[in-house]
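*Asks:* What follows is a predicted protein model with its sequence.
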Amino acid sequence: MSDLNLPVLDLSLLDQGPDAAARFRDELRAATHDVGFFYLTGTGVSAELEANLLKVAKDFFALPEAEKLSIENVTSPHFRGYTRVGGERTQGRVDWREQIDIGPERDAIDDREGPGYNRLIGPNLWPAAQPELKDVVTEWHDHLTGVARKLLRAWALALGAEEQYFDRHFGDPQTLIKIVRYPGKDDPTPQQGVGAHKDSGVLTLLWVEPGKGGLQVERDGEWVDAPPVSGAFVVNIGELLEYATQGYLRATNHRVISPRFPDERISVPFFFNPALDARLPIIELPAELAAEACGVEDDPTNPIHATYGENALKSRLRAHPDVAERWHSDLLAARTAS
């Protein structure tokens, strides 16, 4: 543990021989059992790609309002596209940020009788004024998909499973990239950039604009800062890994505090998850690990579903009530009735 409040792990150890790889897996298991968050270096992401990502992010948010609203997410039944400042909620409170959501490029499924989570499948919305955004995001997605797969194989071995455990149970991965801008606030009290929450899936790789703080992680009932580390991602596990390990690994609450005006902050979380219809089975942990599994957190306001699509739909409906009300009133009514 360092002065950074979170462990720092080096992914390149996996390529430095059996002893180094074993050390990385031990550090990975400890970090996600004890904290649920860590910094990850050695991912092979080039400084050029990081710079390109930051440029297209800033260029997008600098577009005229009409250009951004031309791909507003209320026009997408699949929760894709642009969300204006204040358009998303966490625990019912407004998040002070704007963003664009980008998922797998798919044709929409026209089946109102099928599982509700199928409505998350569909095309992205890209700004006509910025064609280069799609190219940079695609390169970012492809590289981070490789990083995520490498991490999951290391986790499988660290948890006593065979290396391809997650590969076998993931199906066609459901990814989500959010490009987020937190505008500065000049209020005398800190503002909710994004409220306290746990991620609903398996794995999150977060890139933060160099030098910009604001991320906080809950540790032992207190909020600690997780400042950006040059060349590193902030990695955390989601609720599905908590479910799959029956609480041996624990999803951790985190939040973002808005920067002070005139500063702003760009961040890009990458969520790597199983196919929407994938049901992640419970891992049979070695006895010494199973003895430390404290069970899945029982929160009646936030049930953890084994099928990823149910978890994802739960999160999207409550985070974007305007999209939900416009396109999915039947799903909202069904949840109210139950």
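*Replies:* Nice, thanks for sending it over.

*Asks:* Residue 264 against residue 181, yeah?
*Replies:* Yes: using CB atoms under 8 Å, residue 264 is in contact with residue 181, at 6.1 Å. Every C-beta, even on glycine, is put in place using the N, C-alpha and C of the backbone.

*Asks:* Looking at the two, which is more packed in?
*Replies:* Between residue 264 and residue 181, residue 181 has the larger neighbour count (other CB atoms under 10 Å), namely 20 against 17.

*Asks:* who does the helix or strand hosting the more buried one touch, helix- and strand-wise?
*Replies:* Per DSSP states H and E: residue 181 is located in strand 174-183. Helices and strands touching strand 174-183, as assessed by 3 or more CB pairs under 8 Å, 6 or more residues apart in numbering; DSSP states H and E, comprise helix 47-61, strand 98-102, helix 132-158, strand 264-273, helix 308-319.

*Asks:* same thing but 6 Å
*Replies:* Contacting strand 174-183 under the criterion 3 or more CB pairs under 6 Å, 6 or more residues apart in numbering; DSSP states H and E are the following elements: strand 98-102, strand 264-273.

*Asks:* quick one, strands of the stretch 201-338 of the chain?
*Replies:* For the stretch 201-338 of the chain, applying DSSP state E, counting those that start in this stretch gives strands covering 203-208, 215-219, 222-225, 233-237, 254-257, 264-273.

*Asks:* Measure how far the first one is from the centre of its chain, please.
*Replies:* In terms of CA atoms, centre = their mean, to the nearest Å, the gap separating the centre of strand 203-208 from the centre of its chain is 6 Å.

*Asks:* So in that sheet, which strands flank it, and in what orientation?
*Replies:* Strand 203-208 pairs in its sheet with strand 233-237 (antiparallel), strand 264-273 (antiparallel), by DSSP bridges.

*Asks:* Then the second one?
*Replies:* Within its sheet, and counting by DSSP bridges, strand 215-219 is paired with strand 222-225 (antiparallel), strand 254-257 (antiparallel).

*Asks:* Need the contact partners of it.
*Replies:* Residues from elsewhere that reach strand 215-219, judged by CB atoms under 6 Å, 6 or more residues apart in numbering: 37, 223-226, 253-256.

*Asks:* Specify which member of those is nearest to residue 157.
*Replies:* Here the nearest of those to residue 157, counting by CB to CB, is residue 37; it sits at 20.8 Å.

*Asks:* Understood, closing this out.
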